[in-house]
Every structure is written in C-alpha cells, then in structure tokens.
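Asker: Requesting a structural model of the entry that follows:
(2 chains)
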2 protein chains.
Amino acid sequence: MLRNDRVNNVMERLSCDQLLICDPLSIYYLCEKMIHPGERFLGLLLRRNRTPILYVNELFRFEEELGVEKKYYSDIDDVAQLVGVDTDHSAVLGVDKILPARFLLPFMEQGIASGFMNGSVAVDHTRAVKDSVEIELMRESSRINDAAMAQFKGLIHDGVSEKEVAAQVMDIYRSLGAEGLSFPAIVAFGVNAADPHHMPDDTVIKEGDAVLFDVGCVYHGYCSDMTRTFFYKKGPSKEQEIIYNLVKNACESAEEYVQPGRRLCDIDSIARDIITEGGYGPYFTHRLGHFIGQEDHEYGDVSQGFKEVTVPGNIFSIEPGIYHPSILGCRIEDLILVTEDGHEVLNHYPREIEIIG
Amino acid sequence: MLRNDRVNNVMERLSCDQLLICDPLSIYYLCEKMIHPGERFLGLLLRRNRTPILYVNELFRFEEELGVEKKYYSDIDDVAQLVGVDTDHSAVLGVDKILPARFLLPFMEQGIASGFMNGSVAVDHTRAVKDSVEIELMRESSRINDAAMAQFKGLIHDGVSEKEVAAQVMDIYRSLGAEGLSFPAIVAFGVNAADPHHMPDDTVIKEGDAVLFDVGCVYHGYCSDMTRTFFYKKGPSKEQEIIYNLVKNACESAEEYVQPGRRLCDIDSIARDIITEGGYGPYFTHRLGHFIGQEDHEYGDVSQGFKEVTVPGNIFSIEPGIYHPSILGCRIEDLILVTEDGHEVLNHYPREIEIIG
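Answerer: Numbering: from 1, shown residues only, chains lettered A, B, ... in the order given. Predicted structure coming up:
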C-alpha cells in the first residue's frame, strides 16, 4: 500500500514536478510491493497532487490494490509511448539514477518531457532517514548478525579453508531467521585480512592467524553489516595489539561522536586522525563508512568528501581498518543509528581482542 | 587480453564511430578481464583505428596488460570529464543500453558527443554468435546440467518440500565442477508446475505429482538451462500423457527445424502450432525460447515478434510448455546450437516420460 508519508517526503525534496522511479527497492519502499522486472521496464510516476501510476509488464500482474493506478503493458508495447501519455511534455521529468539508456534515449527522442534530470536524490534523502518501522527491522537484522558472529567463530578449526567457512554462513543466518546475505561474506585468514576486498579462497587457517569476518544478512528486506577480527589459537604480538587497539579506539571514538548535526566528514576525521596519529594513516585506505538500509550500500557515506550533516534516523557503518601486509590486517565495524539526542550502536558483539579455536 | 576478432565484429556492426561499453560481461567478453564495479563507473571506449580505453576506479587497479589503455580515476573525479577527454565531441557516441541515467545525463550536459544512441545492438549481435571457445564452454555447461538432472530427481522422496530440494541444487552443481547457478532453480510439485514463474516454497511432494525442474549452472562464465518434468511414484493419467507428449513433440519438432537461415519467429510457430492443433494453445503462455551465453537471458528470442534469422553459432533455448491448472503443468527445455549445416542439441537428458521415487 502506498506510504503517503514517504511519497510526500520525496515530493517535498524534489525540485521538479514529476518523477519517474525505477529502482525496484525504491518502489517497494514507497508502495510495499516488490516486483523483480528483470530486463523489463518497471516505473512509478509521481506527479504533484495526482495519483501515482505504476507501469508493470503484464507478466507481473498482481491483485492487491496499492493506492496507485496500475498500467500494464506487453512486450510489444513501446515504453516511451506508454509513459509519454502521462507525463507533462512541457515540464522537466526527474528520472531514476539507474534508468538505463535503452529507456532514457527513447524518452528523449519522443520528447515525453521538456528536459530530464536525475531526480534520485529526493528518494535517496528520504530513504536515508529511516522511520520507526525500518529502525526496528534494522535492529533485528543486526541482532541476528551479532548472534551469527558468535557462531561463525566456531567454524574455525585446524585444516579449514576460508571458502569452506564462507559456504556455511548462509545456513547459520537462515537458522537465525534471516532470508539472505546483504553481500557475499568476507572471510580472511592471516595476510589476506590485509586486503580489504579479499574474497574467500582456498587459504587454510594457521595458528596465530588473524581471522576477519565482514558479514551481513537481510531481515524482512533490511541489511546488517559488521566486521570483527579474531586471533586463532594465539594472542596478538605486541605490534599487532597496538594496531588492533588503535582500530578499536578509532571505531569507538567515532561512534561516541555521533549525534544529530554532525558533518559526516567530521565523523570520518575522528577515526582517521586517531589512526594517523598512531602512525598507521597510510594503511587506512578507505572511507570510514557507508549508509545502509534496503541495500548494503545506500546513498550517503562517512568520508572526507561527504559534507552533509546527520539527522535522526540515519543509519551507517563505522568501519576503520589498518591493512599492514607484514604485521596485521584488522577492521572493526558496527552499524550506528542517529537518534534524537545522540546515537545507538546496533551491534553488540564485543570489540575486545578475542582468541578463538 | 583484448579479443581483436570480437572487437572488430562489434565495430563492423556499429553505425557510429565511437562506442562506450559499460556492461561488465561485455567488457569481459572483449578483454577477458572481469571487473565488478558495484555502483562505480566502468567503461570501455572503442573508437575506429584507435587503442581502446578502459576506465576503472582506482579501487580495482590490476596489473595485467590487456592491450587497452587503462585510465584510473578516483571517487572524487568527474566521470563525464574523464570520458570527455577521449570522445570526439563532434560525433555521435554509442552508449551501452545499461548505462545509467546518473552517467548519461552528465555526459549530455557536458556535451562529450554531438548525440547519443543506444550502441548495444552491435555488441549484442556479436555476443549472439558464439565462437569455438564459447561453444565448447556452453557444451560443457550443459553436460554438467545433464549430469546434475540425473541427481536432482534422486532428491525427491516422501515428505520433502520444494525448498528443501532447491537448497541442495548448488552443492550438486559444485561437485560436478560448476561455479554457480545461471538463475535461481525452479522446483515445482503438482499444481505449482502449472505456474511457469513458480518459486520453490514449502509445498511437500505427493504421490502422482508432476515434478518440474528448470535449472542451470555457470561453467567458466557460461550458462546452461534445461527443464524436465517427471512424475512421482505414479505414471501420468491418459490426459496428462497427451499433454506431456504434445509438449515433447513440440520441443523435438522445433529442434528438428533449426538450421542456419531460419526466422526465429518461424521456429516458435512450429512448436506453437503443434500445441494449438492439439487443443492446448491458450495454455502455452510464453515465447518458445531465449538466447543464452554469459547470461541466462541474452539479446534475441524465439518468439512471434522476433523476425531475425539464425546464423551458425547462435545458441538458444527451446522450451514449450502447457500449463493446465487442473490437469498438468509441463515444460521440456533444451539448449540448441545452430551449426554450419543444421543444429546440435546441447542437452542429452532423455525427454521420455519418467516415473521417479
């Protein structure tokens, strides 16, 4: 059913009078109806003070009333003609940032609007502020992730490879009530933990290895995302301990700083400065975090380049790391919610040094 | 390494002088380098008689020489400026059909070409004609699929649900050497087989049920796709047998008809006419088939609306079905290759009525 509050939020933020949304997740967000159109066109047209129109291929017919006008089309229909009947040809049309060229170019050729602009920021900004329903789902998704982390560390034993561990992640999430992965799980042993984009391979665990899990699940359409770095059978060396505690301090200090009205670039700086002052600045090679919700990566990030200011309902990751190829690769990540008067860390799995196995 | 033969094929089919390809699968097809850029820009610019340029975010740096000029950019760079340095602003630029509006609109605003057209058909037509390397991979992918089908039927026993069966499909493919699924497996029992888009649910098998498997795997980047319909513990009724044999006859007759120079719509007609003359026309509700290769669904289909003519190297599915809610839902699907002098069916799993369990 159409979520009028969310639609109104989008229209308030929009700088033109008509917007064509195509991202199935944004359409789900606004109408509570998930349609996977594959390569076929799917669109939700919003116009001020008019009933929204949903364009759906007849292959995906459905019964529910959503409070929108449904217009079905077939594979032999012309999509530009279909949409052009409803758009104001003398006004600018905001289009979804993901609208593919194969639709946008015919829209232009057929002149279904006087101009075209990327209208997604209106939806992105709305999606970046979670409402109470979404916050509860995000909390539960992270609760499952905390419980799963406690089980993942139990999968590590002599002789096991990263791939073998990663292959069991989904079953554990499923047993805890999640419906899927929010991204392919990262499981990295030893030196592999020093590659922030490492994908699980045939590397077998060795005593003394760092064991990095960067994992998340989907619960009722909402994502979690957390990283912990363990040590296998042997505590860290002195230098490893220094790096670990620097990352932990960077993570916790950045979290402490979060409240409404903070610039996201300044949150990044809190963590980055700590790591830089500790002498490992060059080994922290990525942004501090990213917004998250229906997708693991959503509009908005916690980086030097992102000057926007936090508002209650924002949820993003805080995930500093130090990737030193010969000492230690380590990352610690939580999700954090901006509340009315501060913040709430959504992950509760401990951040202390933990020896497993 | 750049596949010059494939690039030349693309440029010959292109009706402008510069083409920007963005689909990671098309880039892999042309350069043998797979990059998953996520939400970041990835582009391969082809220009007549010039070295191709590959634009890659610096997060995805790599060492190999591909025979292209690599241009790295960072998250703070402007993609339109980056590409605009290399395009001819006084000529039309062909763009990838999947190029998202968030890139295409700035390209237009900054005038990096005199006009923009969907240039994908040049790539699509090239990808639709498989070369010998691809044909061998497609054969092997379907060989694995044949072997897997023989194991899938063994998963059916009293008390098992569709979901439980579907959850085991990937392990079987992996044990046979495949790397992934070409699409989520369809496992449908009884009346569910009469829904061509059914997704596995908690339905439990019953004696006398039809058991439909529509499954495929990925082998070295190439997809297979096959459907068989079995009967559980009890042979089909007289009416079910008529439907089954009509579908089988439609499938085999269409396959027999395939050779170079056939219109794809006429191949569709062969199967459709048989089912219609048998009295079940209204229950065959989809196109006869689709092209396949690196993706399960590629450009080109076997339908009334697709008038193009087959050439050697085309590979597509032939998959007639009859979906009668109260008698039987049944589909039989093979992949078929157009050869120089006829065709080669890539699937060898028998199409005869088979009682399992």
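
Asker: Which residues of chain A lie near chain B?
Answerer: By the rule C-beta under 8 Å from any C-beta of the partner chain, the part of chain A lying against chain B is A:38-39, A:59, A:75-76, A:95-102, A:104-105, A:116-118, A:120, A:197, A:297, A:303, A:305. To be clear about C-beta, it is placed using only N, CA and C from the backbone, and glycine gets the same treatment.

Asker: If we use 6 Å, what do you get?
Answerer: With the criterion set to C-beta under 6 Å from any C-beta of the partner chain, chain A comes near chain B through A:I76, A:V95, A:K97, A:I98, A:L99, A:P100, A:A101, A:R102, A:L104, A:L105, A:N118, A:G305.

Asker: Would you list the buried entries among the residues you listed?
Answerer: Among the residues of chain A next to chain B, those buried by neighbour count (16 or more other C-beta atoms under 10 Å in any protein chain shown) are A:V95, A:K97, A:I98, A:L99, A:P100, A:A101, A:R102, A:L104, A:L105, A:N118.

Asker: Taking those residues, tell me the two that lie furthest apart.
Answerer: By the measure C-beta to C-beta, A:R102 and A:N118 form the most distant pair in these, at 17.0 Å.

Asker: Give me the outermost residue of chain A relative to its centroid.
Answerer: Counting by C-alpha atoms, centre = their mean, the extreme residue of chain A relative to its mean C-alpha position is A:S90, 36.5 Å from that point.

Asker: For that one, which residues are in contact?
Answerer: Applying C-beta atoms under 6 Å, 6 or more residues apart in numbering or on different chains, we find A:S90 in contact with A:S114.

Asker: where do the strands sit along the stretch 1-150 of chain A?
Answerer: Here the stretch 1-150 of chain A has its strands, by DSSP state E, counting those that start in this stretch, at A:18-21, A:43-47, A:53-57, A:69-73, A:92-95, A:115-118.

Asker: Was I right to think A:I292 contacts A:C223?
Answerer: Yes. Taking contacts as C-beta atoms under 6 Å, A:I292 lies within contact range of A:C223: 5.4 Å.

Asker: same question for stretch A:270-278, mean pLDDT?
Answerer: Along stretch A:270-278, the predicted confidence averages to a pLDDT of 98.

Asker: mind checking how far it is from the chain centre?
Answerer: Relative to the chain's own centre, stretch A:270-278 is displaced by 25 Å; criterion: C-alpha atoms, centre = their mean, to the nearest Å.

Asker: Residue of the stretch 201-350 of chain A nearest chain B, please.
Answerer: Scanning the stretch 201-350 of chain A for proximity to chain B using C-beta to the nearest C-beta identifies A:G305 as nearest, at 5.7 Å.

Asker: and the spatially most central residue of chain A, what does it touch?
Answerer: Nearest to the mean C-alpha position of chain A, by C-alpha atoms, centre = their mean, lies A:D296 at 2.2 Å. Contacts for A:D296 (C-beta under 6 Å, 6+ apart) come out as A:S182, A:F183, A:C223, A:D225.

Asker: which SS state does A:G329 fall under?
Answerer: The assignment at A:G329 comes out as strand when based on DSSP: H, G, I helix; E, B strand; the rest coil.

Asker: For it, give me the pLDDT.
Answerer: A:G329 carries a pLDDT score of 97 in this model.

Asker: Tell me the bridge partners for it.
Answerer: The residues paired with A:G329 through beta bridges, assigned by DSSP bridges, are A:Y323.

Asker: Ok, the one 4 residues further on next?
Answerer: The bridge-partner assignment for A:E333, based on DSSP bridges, gives A:T227.

Asker: from what I can see it touches A:P320, true?
Answerer: No. Contact between A:E333 and A:P320 fails when scored by C-beta under 6 Å: they sit 8.2 Å apart.

Asker: out of those two, which sits in the more crowded spot?
Answerer: Between A:E333 and A:P320, counted using other C-beta atoms under 10 Å in any protein chain shown, the more crowded position is A:P320 (29 against 24).

Asker: Check which helix or strand the residue nearest to the more buried one when sequence neighbours are not counted maps to.
Answerer: The shortest distance from A:P320 to any non-neighbouring residue, by C-beta to C-beta, 6 or more residues apart in numbering or on different chains, is to A:A250 (4.1 Å). Assignment of secondary structure by DSSP states H and E places A:A250 within helix A:238-257.

Asker: Grab the nearest non-local neighbour of the residue of the stretch 101-250 of chain A found nearest chain B.
Answerer: Shortest the stretch 101-250 of chain A-to-chain B distance, computed as C-beta to the nearest C-beta: residue-wise this is A:R102, at 3.8 Å. In space, not counting the residues next to it along the chain, A:R102 is nearest to B:K97; the distance is 3.8 Å by C-beta to C-beta, 6+ apart.

Asker: Surely that neighbour is in contact with B:S120?
Answerer: Yes. With contacts counted by C-beta under 6 Å, B:K97 reaches B:S120, the gap being 3.8 Å.

Asker: Report the separation between A:Y244 and A:I274.
Answerer: The span separating A:Y244 from A:I274 equals 13 Å under the rule C-beta to C-beta, to the nearest Å.

Asker: meant to ask about A:I242
Answerer: Counting by C-beta to C-beta, the separation of A:I242 from A:I274 is 12 Å.

Asker: just A:L176 next, same as before
Answerer: Separation of A:L176 from A:I274 (C-beta to C-beta) stands at 33 Å.

Asker: again with A:D171
Answerer: With the distance defined as C-beta to C-beta, A:D171 ends up 38 Å from A:I274.

Asker: So which of the two has more stuff around it?
Answerer: Looking at A:D171 and A:I274 with other C-beta under 10 Å, you find the greater number of neighbours at A:I274, namely 21 against 11.

Asker: The more buried one contacts A:A250, correct?
Answerer: Yes. Under the criterion of C-beta under 6 Å, A:I274 lies in contact with A:A250, with a separation of 4.4 Å.

Asker: Sweet, I'm off.
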